[in-house]
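1. got a structure for you, letters missing:
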């Protein structure tokens with residue numbers, strides 16, 4: 001009893017190990033894709049840079065020797081020179097420090113939103129690879145089922161050939177078998193290509209698993225256009241606008257006055273101790289020729305960023321409308337295929353088989369009807385694949401909403 005239980009557990013574990021669902025493929029792509037590792041490092045760097053923005057500059061230590069004689073009997077006698085030590089600290093204006101923090105935060109936001117866009121692209125590429133593999137395997141299964149029927153027909157035709165001497169039925173069955181083998185070989189090549197594409201995103205080891213499970217829900221539920229505003233491309237455009245606004249704030253902050261202070265201690269030539277306090281203040285008398293062009297450049301960048309937001313929004317809306325129209329057209333074709341075309345072909349095959357058995361139809365007519373049915377079954381799978389592809393594009397276009 002224990003042995004049977006262990007064997008059952010191992011078989012279930014093996015089945016789970018070599019089965020890859022749609023959601024698992026996307027999760028593995030996020031973990032294993034080198035693009036995601038690069039973006040995680042970029043976000044970490046941007047986070048560290050943003051935390052360092054807006055701090056005061058390092059203080060400066062000043063050491064000085066004054067009144068050193070360069071001639072006479074006491075030349076280079078340091079004991080008769082004035083020695084001093086001091087610490088100086090610059091204080092940039094608060095507006096400059098705030099603008100630096102704003103700029104660093106805008107760069108961090110841009111990095112994070114770019115990471116979201118890369119993440120979405122990685123997940124979409126993994127989804128496309130999984131779906132391609134899924135539908136290729138569906139086609140292979142359909143052809144292999146037809147191949148089994150063909151093998152039975154070939155066996156019957158050989159028996160009929162031995163009994164009656166008629167070769168037409170046997171030749172037709174053999175030709176159909178060869179055509180099926182060719183199509184299966186072509187699909188196996190597509191399967192290997194899909195596996196290579198999937199391995200690109202989730203890793204070679206994980207891609208060795210066969211795909212399993214049902215199609216994602218978004219294939220049958222058209223995503224709404226509300227998600228376009230949260231799409232990473234739109235967020236990246238907004239981040240660029242924030243960066244341009246931070247540049248303007250930094251240019252405006254150049255007008256504010258910086259200052260510094262220095263505290264020092266000195267020992268004079270007579271051994272007397274002295275203290276020192278110095279205050280320095282920037283005099284921005286000649287800054288207008290430098291700051292005004294920076295302000296104009298920042299304003300131009302803001303206008304450009306605002307225009308790019310509008311451009312991306314219009315482009316996304318156009319893509320959504322185009323993909324939605326194509327999706328609905330494929331839906332109509334699939335419905336027509338399932339409710340009208342395939343039932344008629346089923347009737348056509350049944351009628352050809354009945355006539356063949358009654359002796360009023362040839363084997364070629366039966367094979368022709370079966371071939372037509374198979375072609376439309378494969379067409380149905382192809383339409384399902386195209387529909388899933390459109391649904392995937394819409395799903396990720398709207399930011400996986």
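-> Cool, got the structure. None of the values given here were measured: they were computed from a predicted structure.

2. all the strands of the chain, residue numbers only.
-> Assigned by DSSP state E, the chain shows strands spanning 19-20, 60-66, 82-91, 210-211, 259-267, 273-281.

3. please identify which of those is closest to residue 315.
-> strand 210-211 (32.7 Å; C-beta to C-beta). C-beta coordinates here come from the backbone N, C-alpha and C atoms, glycine included.

4. hang on, the earlier thing: same list, the strands of the chain, but as JSON lines with mean pLDDT, mean neighbour count and distance to residue 72 please.
-> JSON lines is the format used below for the strands of the chain (pLDDT from 0 to 100; neighbours: other C-beta atoms under 10 Å; distance: least, C-beta to C-beta, whole Å):
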{"stretch": "strand 19-20", "mean pLDDT": "82", "mean neighbour count": "18", "distance to residue 72": "91"}
{"stretch": "strand 60-66", "mean pLDDT": "86", "mean neighbour count": "11", "distance to residue 72": "17"}
{"stretch": "strand 82-91", "mean pLDDT": "88", "mean neighbour count": "16", "distance to residue 72": "17"}
{"stretch": "strand 210-211", "mean pLDDT": "82", "mean neighbour count": "17", "distance to residue 72": "95"}
{"stretch": "strand 259-267", "mean pLDDT": "88", "mean neighbour count": "15", "distance to residue 72": "21"}
{"stretch": "strand 273-281", "mean pLDDT": "87", "mean neighbour count": "10", "distance to residue 72": "25"}
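
5. okay if I get those as TSV plus distance to residue 228?
-> Shown next, in TSV, are those (distance: least, C-beta to C-beta, whole Å):
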stretch	distance to residue 228
strand 19-20	31
strand 60-66	53
strand 82-91	46
strand 210-211	30
strand 259-267	49
strand 273-281	52
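
6. residue 238 is nearest to which of these?
-> Going by C-beta to C-beta, the one of the strands of the chain nearest residue 238 is strand 82-91, 33.6 Å.

7. what sits up against stretch 361-369?
-> If you take C-beta atoms under 8 Å, 6 or more residues apart in numbering as the criterion, stretch 361-369 is touched by 157, 168-169, 172-173, 176, 345, 348-349, 351-353, 355-356.

8. only the buried subset of those, as a ChimeraX command please.
-> Buried members of those, defined by 16 or more other C-beta atoms under 10 Å, are picked up in ChimeraX with:
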select :157,169,172,173,176,345,348,349,352,356
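
9. need the contacts of stretch 361-369 in JSON lines (columns: distance to residue 55 and pLDDT).
-> Formatted as JSON lines, the contacts of stretch 361-369 follow (distance: C-beta to C-beta, whole Å; pLDDT from 0 to 100):
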{"residue": "157", "distance to residue 55": "87", "pLDDT": "70"}
{"residue": "168", "distance to residue 55": "91", "pLDDT": "70"}
{"residue": "169", "distance to residue 55": "89", "pLDDT": "71"}
{"residue": "172", "distance to residue 55": "85", "pLDDT": "77"}
{"residue": "173", "distance to residue 55": "83", "pLDDT": "79"}
{"residue": "176", "distance to residue 55": "79", "pLDDT": "84"}
{"residue": "345", "distance to residue 55": "75", "pLDDT": "90"}
{"residue": "348", "distance to residue 55": "80", "pLDDT": "90"}
{"residue": "349", "distance to residue 55": "80", "pLDDT": "87"}
{"residue": "351", "distance to residue 55": "86", "pLDDT": "90"}
{"residue": "352", "distance to residue 55": "85", "pLDDT": "86"}
{"residue": "353", "distance to residue 55": "85", "pLDDT": "84"}
{"residue": "355", "distance to residue 55": "90", "pLDDT": "87"}
{"residue": "356", "distance to residue 55": "89", "pLDDT": "79"}
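
10. quick one: the most centrally placed residue in the chain from residue 23, how far?
-> By C-alpha atoms, centre = their mean, the chain has its centre lying nearest to residue 121, at 2.0 Å. Residue 121 is 17 Å from residue 23, where distance means C-beta to C-beta, to the nearest Å.

11. over to residue 211?
-> Counting by C-beta to C-beta - residue 211 and residue 23 are separated by 12 Å.

12. ditto for residue 48
-> Distance from residue 48 to residue 23, by C-beta to C-beta: 33 Å.

13. swap in residue 344?
-> As judged by C-beta to C-beta, residue 344 and residue 23 stand 38 Å apart.

14. give the contact list for residue 47.
-> Counting by C-beta under 8 Å, 6+ apart, residue 47 makes contact with residue 108.

15. change it to 10 Å
-> Shown in contact with residue 47 (C-beta atoms under 10 Å, 6 or more residues apart in numbering): 104, 108, 111, 112.

16. nice, that's everything, thank you.
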